[in-house]
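In: need a structure here:
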Amino acid sequence: MSPKLPDREKGVRLADLLEPILNARDGDDRELLDAINLVAEAIAALEIILVDEAGRPIPGISDKTAVLALLRSHRQELARGGEMEESLTLRDLARRVKGLR
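Out: Prediction:
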């Protein structure tokens with residue numbers, strides 16, 4: 001699953017979109033949940049579509065799953081750029097998001 005940005009929004013950086021989550025304090029699950037909701041609203045407002053491996057849109061995806069897909073894409077982007085420490089930090093953040101109830 002990966003995000004597909006509309007053509008007019010190709011300039012949106014994942015780091016900018018994920019900023020509320022990246023800035024959420026460690027140990028504050030309420031703040032992280034609020035950040036997830038904020039990012040999910042931005043995803044919808046920007047008309048970002050999450051697609052499967054075949055490029056087909058995935059309907060009815062949860063906010064948390066959408067955010068995890070963006071985190072994974074950003075993590076891969078960082079790893080490809082040689083920023084392994086930052087990539088590992090995002091892996092830990094994704095685990096934290098995934099563990100939220």
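
In: drop to CA atoms for contacts and neighbour counts, all remaining ones
Out: Fine.

In: distance check, residue 100 against residue 35.
Out: 12 Å (C-alpha to C-alpha, to the nearest Å).

In: please apply the same query to residue 73.
Out: Applying C-alpha to C-alpha to residue 73 and residue 35 gives a distance of 18 Å.

In: those two: which is more packed in?
Out: For residue 73 versus residue 35, the count of surrounding residues by other C-alpha atoms under 10 Å is larger for residue 35: 20 against 16.

In: I figured that one hits residue 28, correct?
Out: No - taking contacts as C-alpha atoms under 8 Å, residue 35 lies outside contact range of residue 28: 10.8 Å.

In: please state the offset of the helix or strand where residue 65 lies from the chain centre?
Out: Using DSSP states H and E, residue 65 falls within helix 63-80. Relative to its chain's centre, helix 63-80 lies at 5 Å (C-alpha atoms, centre = their mean, to the nearest Å).

In: so what does that helix touch, helix or strand wise?
Out: Here helix 63-80 touches strand 2-4, helix 14-17, helix 29-45, helix 84-99, going by 3 or more C-alpha pairs under 8 Å, 6 or more residues apart in numbering; DSSP states H and E.

In: hey, least reliable of the ones you listed by pLDDT?
Out: Among these, strand 2-4 carries the lowest mean pLDDT, a mean of 61.

In: pick out the residue closest to the middle of this protein.
Out: Nearest residue to the geometric centre of the chain (C-alpha atoms, centre = their mean): residue 70, 2.6 Å.

In: how about the helix holding residue 65: buried residues?
Out: With burial defined by 16 or more other C-alpha atoms under 10 Å, the residues of helix 63-80 counted as buried are 63-76, 78.

In: ok, now stretch 31-50?
Out: Within stretch 31-50, the residues that count as buried by 16+ other C-alpha under 10 Å are 31-33, 35-40, 43, 48-50.
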